[in-house]
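Colleague: Sequence first, predicted model second:
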Amino acid sequence: MLKAENLEFYYNPNQRFNIPDINLSPGGQLLILGKSGSGKTTILNMLGGLLKPIKGEILIDGTSLYSQSGAALDKFRGRNIGIIFQKPHILAPLTVEENLSLANFFSGKRGDKNETLLKELGIFDKRKAKVNTLSEGEAQRVSIARALANSPKVILADEPTASLDDENASNVVKLLKEQAEKFKAVLIIVTHDQRVKDHISNQIIMGGEL
Ligand SMILES: Nc1ncnc2c1ncn2[C@@H]1O[C@H](COP(=O)(O)OP(=O)(O)OP(=O)(O)O)[C@@H](O)[C@H]1O
């Protein structure tokens with residue numbers, strides 16, 4: 001389902017990242033741990049189709065991610081990959097449901113499960129609220145709903161618990177796992193948050209520079 005092989009990347013040649021291979025079946029989960037600056041966001045961006053590796057290949061359902069470019073890659077990403085960014089990438093002046101509709105629009109998929117998703121994430125009552133009026137935890141759940149709105153095959157989350165208290169952190173990881181299991185999606189979480197460690201047993205540690 002998701003394979004990353006022989007990936008190489010550097011921003012400058014003196015700082016090369018040591019990137020482990022990844023091979024996950026549908027429904028597979030992986031936690032990528034590592035200290036700040038070890039390259040966690042960098043690898044997530046590569047897996048998410050946002051940063052082309054210098055060498056190596058990423059395969060999603062047999063399709064080589066970076067054999068596509070431009071609009072084709074954008075479309076593939078919109079249909080197959082849901083990314084939860086470290087800082088919620090949601091449009092603050094829009095309402096919760098408008099943010100989800102926008103995600104559906106860009107991927108060309110129907111938003112027939114938006115309502116269910118909002119209910120499951122506990123933000124259905126806030127569907128008419130503008131995102132800039134929500135608490136941080138609620139905004140985080142909206143960004144999760146938006147990432148999941150197109151039933152992606154791959155869910156990538158970058159430090160999804162960083163700004164949350166213990167209870168919300170645990171809830172967010174459980175929600176991500178539940179949603180991934182429900183749709184047999186691959187789930188990859190990158191974090192340095194030790195609280196997430198107990199939730200996903202399949203783990204790799206980024207070793208930083210070579
Ligand atoms: N666009 C860029 N240009 C140059 N260097 C960069 C760029 N983005 C990141 N870096 C550097 O690459 C290293 C890894 O960054 P990255 O954001 O992947 O780490 P991280 O493990 O996600 O860190 P954190 O946990 O603090 O978010 C850092 O030293 C960072 O300064």
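Modeller: Everything's here; your move. Numbers count the residues shown, from 1 in each chain.

Colleague: residues in contact with the strand or helix carrying residue 167?
Modeller: Using DSSP states H and E, residue 167 sits within helix 166-182. The contact list for helix 166-182 (C-beta atoms under 8 Å, 6 or more residues apart in numbering) reads 27, 29, 84, 117, 120-121, 137, 140-141, 144, 148, 155, 157, 160-161, 164, 185-187, 189, 193, 195-196, 199-200. Glycine gets a C-beta too; all of them are placed from N, C-alpha and C.

Colleague: Which PyMOL command selects the buried ones in these?
Modeller: To isolate the buried members of the contacts of helix 166-182 in PyMOL, using 16 or more other C-beta atoms under 10 Å:
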select buried, resi 29+84+117+120+121+137+140+141+144+148+155+157+160+161+164+185+186+187+189+193+196+199+200
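
Colleague: in which helix or strand would I find the residue nearest the centre of the chain?
Modeller: The centroid of the chain falls nearest to residue 156 when counting by C-alpha atoms, centre = their mean (2.1 Å). Per DSSP H and E, residue 156 falls inside strand 154-158.

Colleague: Mind giving me the packing neighbours of that strand?
Modeller: Helices and strands touching strand 154-158, by 3 or more C-beta pairs under 8 Å, 6 or more residues apart in numbering; DSSP states H and E, are helix 40-47, strand 81-84, helix 136-148, helix 166-182, strand 186-191.

Colleague: what about the helix or strand bottoming out on mean pLDDT in the chain, distance to the chain center?
Modeller: Using mean pLDDT, DSSP states H and E, helix 96-107 stands out as the lowest-scoring helix or strand of the chain, at a mean of 82. For helix 96-107, the distance from its own C-alpha centre to the chain's C-alpha centre is 16 Å (C-alpha atoms, centre = their mean, to the nearest Å).

Colleague: Which neighbouring elements make contact with the next helix or strand after that helix?
Modeller: Past helix 96-107, further along toward the C-terminus, the next helix or strand under DSSP H and E is helix 114-120. Applying 3+ C-beta pairs under 8 Å, 6+ apart, we find helix 114-120 packed against helix 96-107, helix 136-148, helix 166-182.
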